[in-house]
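In: No sequence on hand, only this structure:
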DNA sequence: GCCTCTCTGGCACTGAGTGTCAAAGAGTCA
DNA sequence: TGACTCTTTGACACTCAGTGCCAGAGAGGC
């Protein structure tokens, strides 16, 4: 797409509207809750029609989780760039660690996390996004295990990727529960250690 | 509730209707697909009103996944009954193995699994049910790790339970993908082995 | 100025899920 | 048997998410 350095006016306004609607919606969500905010509310507050809203976001959940799909792609790139000396787990954890997170202040991130873990439909969608990440990351892990990237017969890579993402999720929930008092990275490492038995477990 | 040995007629008919509607709906699902079947279709085929349907099932997904909630409770009981000598992983895996599965012939189970893994809304709900199982099983695992069952500060138990369930899910998907050609139990063990590093992993 | 391409809003529609209400059957007590 | 209570039921209306269709307006190329 980046044929022209400054893109078509269309694309630029589209991007601007997208961001503006997302901003408006997020502030409504944080103010009165996700489920209590209807699409009509958002459309009215953003000054667009209901119909146009659905041209920018497929679902209400996409406003909150939309970036996650793009983030999965970034993680995949980062994973592929990890040195071949790193084993599957290390490479995955480093890829997650080194992929830039959306830049918000901690208070807002915590607020969003609480909404995410407290709203069933959002939680469900977020788990679905993790499945997408899984599909994205598994081929590279297969490669690192010495298996053909499309060998669906071997489920070891699937299991490892899925469990790393599960640990990320568990850590994220713990982080949210503790009001962000501990570093998310440490929590992820603790979860992985518990699973892999490197630390003390019965 | 079991005051009378043979329950009130109300309760019995209610149970019968519940089962009958579920049976009707499942055959419609398998025939023309989950998403292509509307609640009106089901209600009409089962000979009840649309409104009554929602008195038996909260959502369309509950027809397929309704038993899972009850099954979680059975697994919890089985887990608590495992001997104290078993470590967290062994106890969890044995509890899962020894909890009776809903008795269907393998062909039907496979068909349902394919529907489950192929329908986003069903997949999402099923992941949510796993979260419920997680909450149910974690206290007992905390106990086995020597932590207070309600100690939310320690996330090791959460991580272990979540990863075992993730392995179950990954194995279930592989089982479905391979048309049930391998034993689900073996697949689960393979997934766990891959995660815990007992087998060869880079 | 013309043609095309995209974005937009409006309208109507489907489908899930909920609240309300009046009617009918089941169970209990006298 | 009759009166009273409790549950279930169907019907209607409603909200909300999401989609298809269509006509109009603005941007960009020629």
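Out: Yep, that arrived. This one's a predicted model, so the numbers in the text were calculated from it and none came from an experiment.
In: For the residue nearest to the spatial centre of chain A, identify the helix or strand it belongs to.
Out: For chain A, the residue sitting closest to the mean C-alpha position, by CA atoms, centre = their mean, is residue A:68 at 3.5 Å. Using DSSP states H and E, residue A:68 sits within helix A:61-81.
In: for the helix or strand just after that helix, packing partners?
Out: Next along the chain after helix A:61-81, taking DSSP H and E as the criterion, comes helix A:88-98. Contacts defined by 3 or more CB pairs under 8 Å, 6 or more residues apart in numbering or on different chains; DSSP states H and E place helix A:88-98 against helix A:61-81, helix A:120-144, helix A:156-177, helix A:184-196. For the C-beta atoms, the positions are set from N, CA and C on the backbone; glycine is no exception.
In: so how far is the shortest one from its chain's centroid?
Out: What it means is helix A:184-196. Averaging C-alpha positions (CA atoms, centre = their mean, to the nearest Å) puts helix A:184-196 18 Å from its chain's average.
In: That helix vs chain B: in contact?
Out: Yes: counting by CB under 8 Å from any CB of the partner chain, contacts between helix A:184-196 and chain B involve A:187, A:190, A:191, A:192, A:194, A:195, A:196.
In: neighbouring contacts of the lowest-mean-pLDDT helix or strand in chain A?
Out: When the helices and strands of chain A are scored by mean pLDDT, DSSP states H and E, helix A:9-32 comes last with a mean of 89. Outside helix A:9-32, the residues within contact range by CB atoms under 8 Å, 6 or more residues apart in numbering or on different chains are A:1, A:6, A:37, A:41-42, A:45-46, A:48, A:53, A:56-57, A:63-64, A:66, A:108, A:111-112, A:115.
In: where does chain A dip in pLDDT?
Out: Along chain A, segments meeting pLDDT under 70 span A:1-9, A:198-202.
In: what about the one residue in chain A that gets nearest to DNA strand C, which SS state?
Out: Chain A approaches DNA strand C most closely through residue A:52 (2.8 Å), counting by CB to the nearest atom of the strand. For residue A:52, the assignment made with DSSP: H, G, I helix; E, B strand; the rest coil gives helix.
In: Mark which of the contacts of helix A:9-32 are part of helices, please.
Out: Among the contacts of helix A:9-32, DSSP state H puts A:41-42, A:45-46, A:53, A:56, A:63-64, A:66, A:108, A:111-112, A:115 in helices.
In: quick one on the thing from earlier: for the residue nearest to the centre of chain A, which non-adjacent residue is spatially closest?
Out: residue A:129 (4.3 Å; CB to CB, 6 or more residues apart in numbering or on different chains).
In: ok, that neighbour - contacts?
Out: A:65, A:68, A:69, A:72.
In: quick one on the thing from earlier: make TSV out of the helices and strands packed on helix A:88-98 and add distance to residue A:10.
Out: Listed next are those as TSV, based on distance: least, CB to CB, whole Å:
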stretch	distance to residue A:10
helix A:61-81	20
helix A:120-144	28
helix A:156-177	36
helix A:184-196	38
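In: Tell me the residues on chain A that lie near DNA strand D, please.
Out: Residues of chain A lying close to DNA strand D by CB under 7 Å from any atom of the strand are A:8-10, A:37-40, A:50-51, A:54, A:58-61.
In: Is it possible to mark the buried ones in the residues you listed?
Out: The neighbour-count test (16 or more other CB atoms under 10 Å in any protein chain shown) marks A:37, A:60, A:61 as buried among those.
In: dump the residue contacts of the second one.
Out: The neighbours of residue A:60, taking CB under 8 Å, 6+ apart as the test, are A:34, A:39, A:42.
In: Report the separation between it and residue A:34.
Out: Applying CB to CB, to the nearest Å, the value for residue A:60 to residue A:34 is 8 Å.
In: Could you chop chain A up by domain?
Out: Annotated domains of chain A cover A:9-56, A:61-196 [automatic domain parsing].
In: Check those domains for me and report the most buried one.
Out: Among the domains of chain A, the stretch with the highest mean neighbour count (mean count of other CB atoms under 10 Å in any protein chain shown) is domain A:61-196, at a mean of 18.
In: tell me how far that domain is from the chain's mean position?
Out: Distance, centroid of domain A:61-196 to centroid of chain: 7 Å (CA atoms, centre = their mean).
In: Endpoints of it, how far apart?
Out: One end of domain A:61-196 sits 33 Å from the other (CA to CA, to the nearest Å).
In: measure stretch A:176-194 end to end?
Out: OK, stretch A:176-194 end separation, CA to CA: 19 Å.
In: Then stretch A:95-109?
Out: One end of stretch A:95-109 sits 21 Å from the other (CA to CA).
In: returning to that earlier point: closest to residue A:139 among the residues of chain A next to DNA strand D?
Out: residue A:58 (25.8 Å; CB to CB).
In: residues in contact with the residue lying closest to residue A:112 once chain neighbours are set aside?
Out: Once flanking residues are discounted, residue A:112 sits nearest to residue A:64: 6.9 Å by CB to CB, 6+ apart. Neighbour list for residue A:64: A:26, A:29, A:34, A:112, A:115, A:116, A:122 [criterion: CB under 8 Å, 6+ apart].
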